[in-house]
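Student: Let's see this in three dimensions:
(chains A and B)
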Amino acid sequence: MANSQNNWARYDLWDERHLSLDRFAVEDPENGFCAAASPHDPKPSLVIEQGRIIEMDGVPASEFDMIDEFIARHYFDLLIAETAMAIDSREFAHMLVDVTVPRERLVKLSAGMTPAKLAEVLGHLSTLELAFANSKLRCRRQPSNQAHVTNAKDDPVQMAADAATAALYGFDEIETTVRVASNGRTNAIACAVGAAVVRDGVLIQCSLEEAEELRIALAGFTSYTETMSVYGTEDSFIDGDDTPWSKAFLTAVYASRGLKARCTSGSSAELLMGFHEGKSMLYLEARCVCLQRAMGVQGTQNGGIDGAPLTSSVPRGGWELLAENVLAALLDLECASGNDTRHSESEIRVGAKIMPYLMSGTDFICSGFGSIPKYDNSFNASLFNAEELEDFLALQREFQVEGGLQHVPEDQLMAARARAIEAISAVLETLNLGRLTTAQKRSVLYAHGSDETASFMPGEVAGMNAALMERNITFVEVVQALAARGFTTEATRLLSMARQRVSGDYLQTAAIIRDGRVVSAVNDPNRYSGPGTGYVMTEERRQAISRMRREVSKQDVLAGEGATGQQDSRHWRIESKGEAEPGDDPREVVIGISPGFGERLHKTTGGVPLYKVLAALMKGIRERGGRPRVVRVRHTADTSFLGLTAARLAGSGIGIGIQGKGTTVIHRHDQSPHMNLELFSQAPLIGEADYRAIGGNAARYALGQSPTPITISYRGQALGARFHVQTALLYAIETSMIEAGQNPEALEVEFYDGR
Amino acid sequence: MTDDEKPNTLYALYPIGEKQPDRVRTRNGHPLRDLTLDNLLAGHVAASDFGITAEGLRLQAAIAEQAGRLNLAQNLRRGAELVEIPDNVLLGVYELLRPGRAHSADELRSAAKQLRDTYGAKETASLLEEAALVYERRGIFQRRF
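Tutor: The predicted structure is shown next:
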């Protein structure tokens, strides 16, 4: 860095890392930068007289603001309030992580606790304990996940293909939104049709201005909403242009239209809006979730949401975000647990952020997961995005945790994307909204994101939406269009989603639809009470989350080696000439090759063909005045013993041992097995020139010289991660070829290309 | 009812669409099983058959209550009251409840009266009357734009 103010060079390096783009805020309760326990947070209190609350958290009823008032009137179970408030907060914190205390009891007691009391309780839990409490308290047994499906052009064809993709990966909810305010209808239709290509029951949301969102839902294209924001201070609430009563009314309106609804809250909203009252983030969020339960909404989207980056900037911010979600679960609210807005540029912080959620499971791990590229996300980049989806799969696999997703083979993906493109095109054509050429469709099929598509542009999409609105198109016309063009399965699935609305089963807490069946906290309640209870993955599911692209098996390695071996037989010939005898030439260096070298193994983990390796070693020995002799060792595949065996056969007493995977040692006949002259264990990094240099050094030892040891350049690569699967499989092939007690064989080696 | 019995009765009832589909009829009186693709394409059922009904919401409210979720149950009962009220009326009431839209408690009270007298929405009307009281005390009737 040219203008560096740093003295220590390492700071310059740190300044170049992604983390250096993140900002960290000084803890400052006066100004709202405080995760929990601000000096301005009230002490818990609840005074009830003749069935009326006359004081809550230090505030007399006459001074209640709107939030206090709504909570006081609608939140409490007064029969239990006195008992609940009397429980020591630390004692209740213990109960949250005690597997012998049932969830039902905790949920019931929480209805007698004030926001300040609840915040105080959670303050006693560590991050680990929060995660554990979450696994016990979340509403639905089966964890799930939600996807964002949007694109920068509001292109319905790409959106349908991406919705199908998201449904295949396992998302139970798809949330979309628009770049151009009027484009909601095509977005919603595209997501519904795309998801219907894959399965029956993906819930769709189109996040828009309330009235418009409601109209699109009434047309039957969407089935849930989660953008009813609530805030923890009265001034923020009013600036958000609502009150607890307007939101409670709206909640009932959504119910009356058969829509699943969640509120949105989350810390730092008040701080961003400038009305935090110096209260801590957790206390303000406790007010929000109490309010939500009081309103009778079934669930919440919390855990920072848009404010997550700000919350994450203060000490204990990540802890606070998790605490919010635990609070929601304790209050028996479905919890879509944030993990949406990208809180950091650091991939390490991103991976760490998700772990407690993956370990505990939540009703929706992300709300949502950016299933599309970051630049196509009309909400903003998510914590995890299309770019990082496989990282998420790797975390699920590694820790055997349920994040709701699984690997999908490419042929399945392409088939679903192709069908989604045809299905939405059929709808748009039938409704006379637009028509694409084959080339345009193809551009979507293979696209990672909208940079690569040549389909509809925002202007055309706006025209479609105007027509949809004017003609008052509902899901019925879309179903008819699909059926008319032969997409009977998709038509039936769209219809089945519409039929779900009649019974309203998905209005119960934490409902998702799997294979056309409603699964909620009513028929799939979380009753975790220790190991082996609650959500336990089936063997089938365990297998599913264990799949990854680029998995390597022994067959893959053998097949690869077989192919290389066939090619390489044009370059060399290696023939056994009976038992190897000790040599007496003082210039002789013996190269002891392993059982599989050139037989079943044909290249090193560094990718160097073994005939080149052997030729380079021999050339290096000759160049430095030595005489190479090659023997095949059968009784061991261990580098040290290969080397020592070779050394004891050599007239000079110097030998080279080498494995098929490329690991090499220079040994001397009178050393103990693991006390070698030079060892080259980082086989993936050893190149042809290095082998030549190793041969040269061996010759110089043979001639009694003291060469400078060879160093292999290493730049910190995670060699284990990159190579150990292959290494272990290759080595297993070698060890399987060992013949105990066999003596080394003399070899005749011939290279055809003049080496 | 003991804790052991509670889940069993709930499981027998819920999900209604799966366990007891005959307990729900559409707005036009069709049973759930009539909501098929063939019937839709033949015009035997219409878009209006695919909405939730007040009866369906009250049933879900009873289920929520049985599952111990009293606030959710109350919300679903309010929802049941609002099913038959036109969208524009509901959006009008919502607008009136937002800060600074109504300029006096009386405006909210008369909206409450309309909900109660015209549509029989008693619980929702009470919510509006409660808002009227609180808005007055907290100065929410101040004009905002």
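Student: which residue sits closest to the residue nearest the centre of chain B, ignoring its sequence neighbours?
Tutor: Centroid-nearest residue in chain B, with C-alpha atoms, centre = their mean: residue B:79, separated by 0.8 Å. By the measure of C-beta to C-beta, 6 or more residues apart in numbering or on different chains, the closest residue to residue B:79 outside its immediate chain neighbours is residue A:255, 2.9 Å from it. The way it works is simple: take the backbone N, C-alpha and C, and place the C-beta from them, glycine included.
Student: Now for the one you found, how many residues are close by?
Tutor: By other C-beta atoms under 10 Å in any protein chain shown, 30 other residues sit near residue A:255.
Student: Toward the C-terminus, what is the element adjacent to the helix or strand where it lies?
Tutor: Mapping residue A:255 onto the secondary structure by DSSP states H and E places it in helix A:244-256. Heading C-terminal from helix A:244-256, the first helix or strand you meet, by DSSP H and E, is strand A:260-264.
Student: Now do that following strand: which elements does it pack against?
Tutor: Packing partners of strand A:260-264 (3 or more C-beta pairs under 8 Å, 6 or more residues apart in numbering or on different chains; DSSP states H and E): strand A:224-229, helix A:244-256, helix A:281-295, strand A:299-301.
Student: Restricting to C-alpha, output the strand or helix carrying the residue nearest to the centre of chain B in CSV.
Tutor: Using DSSP H and E, residue B:79 falls within helix B:70-82. Included here for helix B:70-82 are C-alpha records, laid out as CSV according to Å, rounded to 0.1, in the frame of the first residue of the first chain:
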residue,chain,number,x,y,z
LEU,B,70,-54.5,-17.9,21.8
ASN,B,71,-53.3,-14.7,20.0
LEU,B,72,-53.1,-16.4,16.7
ALA,B,73,-56.5,-17.8,17.2
GLN,B,74,-57.8,-14.3,17.9
ASN,B,75,-56.2,-13.0,14.7
LEU,B,76,-57.7,-15.8,12.7
ARG,B,77,-61.2,-15.0,14.2
ARG,B,78,-60.7,-11.3,13.2
GLY,B,79,-59.7,-12.6,9.8
ALA,B,80,-62.9,-14.6,9.6
GLU,B,81,-64.9,-11.4,10.3
LEU,B,82,-63.2,-9.7,7.4
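Student: Looking at the helices and strands packed on strand A:260-264, spot the one closest to residue A:135.
Tutor: Each of the helices and strands packed on strand A:260-264 has some distance to residue A:135 by C-beta to C-beta; the shortest is strand A:299-301, at 17.7 Å.
Student: From the rest of the structure, what touches that closest one?
Tutor: Residues from elsewhere that reach strand A:299-301, judged by C-beta atoms under 8 Å, 6 or more residues apart in numbering or on different chains: A:139, A:226, A:261-266, A:288-289, A:292, A:328, A:333-336, A:338, A:363, A:367, A:509-510.
Student: for the helix holding residue B:79, packing partners?
Tutor: Based on contacts counted as 3+ C-beta pairs under 8 Å, 6+ apart, the elements that helix B:70-82 packs against are helix A:244-256, helix A:281-295, helix B:54-66, helix B:105-119, helix B:122-138.
Student: quick check: mean pLDDT across stretch B:42-62?
Tutor: Over the span of stretch B:42-62, the pLDDT mean works out to 95.
Student: The stretch 201-350 of chain A against chain B: which residues are in contact?
Tutor: Residues of the stretch 201-350 of chain A that fall close to chain B, judged by C-beta under 8 Å from any C-beta of the partner chain: A:210-211, A:214-215, A:218, A:220, A:234, A:238, A:241-243, A:245-246, A:248-258, A:293-298, A:332.
Student: which of these are buried?
Tutor: When neighbours are counted using 16 or more other C-beta atoms under 10 Å in any protein chain shown, these contain these buried positions: A:210, A:214-215, A:218, A:220, A:234, A:238, A:242-243, A:245-246, A:248-258, A:293-298, A:332.
Student: Any regions of chain B where pLDDT drops low?
Tutor: Judged against pLDDT under 70, the low-scoring parts of chain B cover residues B:1-8.
Student: Skip the chain neighbours and tell me the closest residue to residue B:144.
Tutor: Here the nearest residue to residue B:144 in space, its sequence neighbours aside, is residue B:100; by C-beta to C-beta, 6+ apart that works out to 3.3 Å.
Student: wait, I meant residue A:29
Tutor: Leaving out its chain neighbours, the residue that sits closest to residue A:29 by C-beta to C-beta, 6+ apart is residue A:38, at 4.1 Å.
Student: Over to residue A:528?
Tutor: Counting by C-beta to C-beta, 6+ apart, residue A:528 lies nearest to residue A:534, which is 3.1 Å off, once chain neighbours are set aside.
Student: before we move on, the earlier item: would you mind giving the helices and strands packed on strand A:260-264 as a markdown table with mean pLDDT added?
Tutor: Below are the helices and strands packed on strand A:260-264 laid out as a markdown table (pLDDT from 0 to 100):
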| stretch | mean pLDDT |
| --- | --- |
| strand A:224-229 | 92 |
| helix A:244-256 | 97 |
| helix A:281-295 | 98 |
| strand A:299-301 | 98 |
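Student: any chance of the ones you listed in TSV, plus distance to residue B:32?
Tutor: As requested, the helices and strands packed on strand A:260-264 are exported to TSV (distance: least, C-beta to C-beta, whole Å):
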stretch	distance to residue B:32
strand A:224-229	20
helix A:244-256	19
helix A:281-295	29
strand A:299-301	25
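Student: and residue 58, how many neighbours does it have?
Tutor: I went with chain A, as the question did not name one. Burial measure for residue A:58: 14 neighbouring residues, criterion other C-beta under 10 Å.
Student: Switch to chain B, please.
Tutor: In terms of burial, residue B:58 registers 18 neighbours under the definition other C-beta under 10 Å.
Student: Identify the residues contacting it.
Tutor: Remark: with contacts taken as C-beta under 8 Å, 6+ apart, residue B:58 is in contact with B:76, B:77, B:80.
Student: now, which of these sits nearest residue A:556?
Tutor: Ranking the contacts of residue B:58 by separation from residue A:556, with C-beta to C-beta as the measure, puts residue B:76 on top at 55.1 Å.
Student: mind giving me the domain ranges of chain B?
Tutor: Following automatic domain parsing, one finds the domains of chain B at B:1-84, B:85-145.
Student: Quick one, which of these gets closest to residue A:529.
Tutor: domain B:1-84 (13.8 Å).
Student: Most distant residue from the centre of chain A?
Tutor: Distance from the C-alpha centroid of chain A peaks at residue A:584, with 62.2 Å (C-alpha atoms, centre = their mean).
Student: for the closest residue to that one other than its chain neighbours, what are its contacts?
Tutor: In this structure, residue A:584 finds its nearest non-sequential neighbour in residue A:651, 4.9 Å apart by C-beta to C-beta, 6+ apart. Residues near residue A:651 by C-beta under 8 Å, 6+ apart: A:582, A:583, A:584, A:585, A:586, A:587, A:588.
Student: Surely the first one and residue A:646 touch.
Tutor: No: shown here, residue A:582 and residue A:646 do not form a contact pair, counting by C-beta atoms under 8 Å, at 11.0 Å.
Student: of these two, who's got more company?
Tutor: It is residue A:646, of residue A:582 and residue A:646, that has more neighbours when counted by other C-beta under 10 Å, with 30 against 11.
Student: I figured that one hits residue A:588, correct?
Tutor: No: in terms of C-beta under 8 Å, residue A:646 does not count as a neighbour of residue A:588; the distance is 10.4 Å.
Student: distance of residue A:114 from chain B?
Tutor: 16 Å (C-beta to the nearest C-beta, to the nearest Å).
Student: give me the residue from the stretch 551-700 of chain A nearest chain B.
Tutor: Taking C-beta to the nearest C-beta as the measure, the stretch 551-700 of chain A has residue A:551 as its residue closest to chain B, at 37.6 Å.
Student: helix, strand or coil for that residue?
Tutor: Three states are possible here, and by DSSP: H, G, I helix; E, B strand; the rest coil the one that applies to residue A:551 is coil.
Student: distance of it from residue A:557?
Tutor: Residue A:551 is 12 Å from residue A:557, where distance means C-beta to C-beta, to the nearest Å.
Student: Compare neighbour counts for the two and give me the winner.
Tutor: Neighbours of residue A:551 and residue A:557, each counted by other C-beta under 10 Å, are more numerous for residue A:557; the result is 19 against 11.
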